[in-house]
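> turn this into a model:
(chains A and B)
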There are 2 protein chains.
Amino acid sequence: MGGLRTLPWYVAGSQVLGVACVVITGVWMGHYRGGYAWDGSTQEFNVHPLCMVLSLVFLYGDAVLVYRVFRNETKRSVKILHALLHMMALIISIVGLVAVFDFHSAAKIPHMYSLHSWCGMLTFVLFFIQWLLGLGFFLFPWASAQLRSWYLPLHVFFGLLLLAMSVGSCLLGITEKLLFSIMETYSRFTGEGVLANILGLLLVCFGVVVGYVVTRDDFRRPPNPEEEALSVHFKTLSEGEIPSSP
Amino acid sequence: MGGLRTLPWYVAGSQVLGVACVVITGVWMGHYRGGYAWDGSTQEFNVHPLCMVLSLVFLYGDAVLVYRVFRNETKRSVKILHALLHMMALIISIVGLVAVFDFHSAAKIPHMYSLHSWCGMLTFVLFFIQWLLGLGFFLFPWASAQLRSWYLPLHVFFGLLLLAMSVGSCLLGITEKLLFSIMETYSRFTGEGVLANILGLLLVCFGVVVGYVVTRDDFRRPPNPEEEALSVHFKTLSEGEIPSSP
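This is a model prediction of the structure:
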C-alpha cells in the first residue's frame, strides 16, 4: 500500500523535522540561554547542543537517507556523498565536543561523570570507528567482496543503532540542561521547558522517519548486478561474491 | 560467519543483561533510595523504576525474542507466549505508572511536565495500541491475510522502535532521578551515580542484543508454508495470500 510514490513525502517530512530540530536548538540556546561565544563561558557551552544536533542527528540522518533519495545515481557517487556527509558530521561533532570540554575545564566541572556524557561519548567513538570501517571496507579497494558482504549488515545495523543512540544522547542532554538551568520552574510548564520537551519529541520523530524509510522493504534500491560488478574493484571480481546493496 | 549456532550465546547474554538491569534497579531503589512502600512517599515512587525496567524493558525484550528462541514450536504457541509476556509487561507497567502518579499527587508535584514523562507516556500508549492491534490482527481471526501481511512489517518496526523508546525513557528517568537526588555529589563519581550510569549502559546493551538477534537474517524462523496455512484461519485461506513470518 502506498509504495514507492510515498517516498518523497517521507523524505520531505524528515527534512522538515531535521531543520526544525536544528532551528529550535539554536533558538533555545540563542534566546533562552544567552547566545554563543568561544571563551569558556556558558555561551561556549551553548555551541555544544547546536553542533551535536546538527552533526550527529541531522547530517547523520541525511547521510543515511542518501541511499534511498538518490536511487538512480551510481552506487559509487552515493557512497562518496554518504562518506562526505558523515565527514561533515564528524568535524562538526568534534567542534561540539571541544566546546563542552573547554567549558567544563574553565568552570572546573569534572568531565565525563554523567550518563549523558557516557552515552554521548560512546556514540561518538562508535560513530568514528564505523566511519573508518566504512571507508576501509566500502570506499577503498582493500576489502575483498566476501569481507564486504560480511560487514555490510553489521554496518547497516550499527548505523541505525548509532542514530538511535545519538537521539537518545540528545534527549539526555536536554533533560540535564533543563534540570541544571530551570529545575525550580520546569514543573510549571514554562516556555523554555515546553520548547525543549517539544525539541526532544521532534528529535525522536526525525529518527523514526529516517529509520522507517531506511528499513522499509519497498523503498530499497533495486538490485543492479551490472552496476555492482562495475563498482567492485577488479581484484574482488575474481572472488565470485558480490556485496548486496545496503 | 557464526550462523545459527551462535544464537544461544546471544540469547543467554541478553538474559544476563536483562536480569542484571532488574537487579541493579532493585538495589539502587532498595539500598540507596530507602526501599519500597505504597503510601504516597518516595518509597512508593521507588516502585516506579523497578516496575518499568522489569516490564517495558526485560519482559518486553523477552516477548520479542520468543520468535527466535522457540524456533521449532508451532507459530500459534509462540504467538500466544508473545501476547502473554506482553500482557504481563502491560500489567506491571500500569502498576509502575500508578506508583509515580500517586507519589506526585501526594507530594503535590505536577504530573507530566518533564521530557521523561512525555517520552515514557508516549511509549506506554503506543505499546498499549500495538498490543491491541497485535491481538486483533494476529491472534484473533478477524483480520484477512492481506491485512495481516500489510500490518506485519509495521508491527515489527514499531516493536523494535518501542523497545528503543523504552530504553531511552529509562535513561531519561535515571538522569532525572540522579539530578533530583544527588545533584551535588553526582560529579564526584559517587557509588550511586556510577551504579546508575552503569545501569543505563546495561539497558542500552540489552536493547542492542535483542535488536541484533531479531534483525539478523540468519536467525530468522525458517519459512514453513504448511504451518502458516494451518495457523491462518479458514476464512482467510481463500483470499490467497499468506502472511510471512515476523
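
> helix or strand with the lowest mean pLDDT in chain A?
Here the helix or strand of chain A ranked lowest by mean pLDDT, DSSP states H and E is helix A:234-237, holding a mean of 39.

> pLDDT weak spots in chain A?
Residues of chain A meeting the criterion pLDDT under 70: A:1-2, A:224-246.

> that one: helices as residue ranges?
A:7-27, A:42-45, A:47-52, A:60-69, A:75-106, A:115-134, A:145-182, A:191-215, A:225-231, A:234-237 (DSSP state H).

> and the ones you listed as JSON lines, adding distance to B:G26?
(Each C-beta comes from the backbone N, C-alpha and C, glycine too.) Putting these into JSON lines (distance: least, CB to CB, whole Å) gives the following:
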{"stretch": "helix A:7-27", "distance to B:G26": "36"}
{"stretch": "helix A:42-45", "distance to B:G26": "36"}
{"stretch": "helix A:47-52", "distance to B:G26": "33"}
{"stretch": "helix A:60-69", "distance to B:G26": "36"}
{"stretch": "helix A:75-106", "distance to B:G26": "33"}
{"stretch": "helix A:115-134", "distance to B:G26": "18"}
{"stretch": "helix A:145-182", "distance to B:G26": "22"}
{"stretch": "helix A:191-215", "distance to B:G26": "28"}
{"stretch": "helix A:225-231", "distance to B:G26": "52"}
{"stretch": "helix A:234-237", "distance to B:G26": "52"}
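
> what would the ones you listed look like in JSON lines with distance to chain B and mean neighbour count?
Formatted as JSON lines, the helices of chain A follow (distance: least, CB to the nearest CB, whole Å; neighbours: other CB atoms under 10 Å in any protein chain shown):
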{"stretch": "helix A:7-27", "distance to chain B": "13", "mean neighbour count": "17"}
{"stretch": "helix A:42-45", "distance to chain B": "15", "mean neighbour count": "19"}
{"stretch": "helix A:47-52", "distance to chain B": "14", "mean neighbour count": "22"}
{"stretch": "helix A:60-69", "distance to chain B": "15", "mean neighbour count": "22"}
{"stretch": "helix A:75-106", "distance to chain B": "9", "mean neighbour count": "18"}
{"stretch": "helix A:115-134", "distance to chain B": "4", "mean neighbour count": "18"}
{"stretch": "helix A:145-182", "distance to chain B": "4", "mean neighbour count": "20"}
{"stretch": "helix A:191-215", "distance to chain B": "4", "mean neighbour count": "21"}
{"stretch": "helix A:225-231", "distance to chain B": "19", "mean neighbour count": "12"}
{"stretch": "helix A:234-237", "distance to chain B": "18", "mean neighbour count": "13"}
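
> indicate which one of these is closest to B:V156.
helix A:191-215 (9.0 Å; CB to CB).

> which residues touch A:W118?
Counting by CB atoms under 8 Å, 6 or more residues apart in numbering or on different chains, A:W118 touches A:112, B:197, B:200-201.

> what residue is smack in the middle of chain A?
Among the residues of chain A, the one closest to the centroid is A:Y60, at 2.8 Å (CA atoms, centre = their mean).

> report the contact partners of that one.
A:Y60 makes contact with A:85-86, A:89, A:127, A:162-163, A:166, according to CB under 8 Å, 6+ apart.

> any chance of those in TSV, plus distance to A:E176?
Output for the contacts of A:Y60, formatted as TSV (distance: CB to CB, whole Å):
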residue	distance to A:E176
A:L85	28
A:H86	26
A:A89	22
A:F127	20
A:L162	20
A:L163	21
A:S166	16
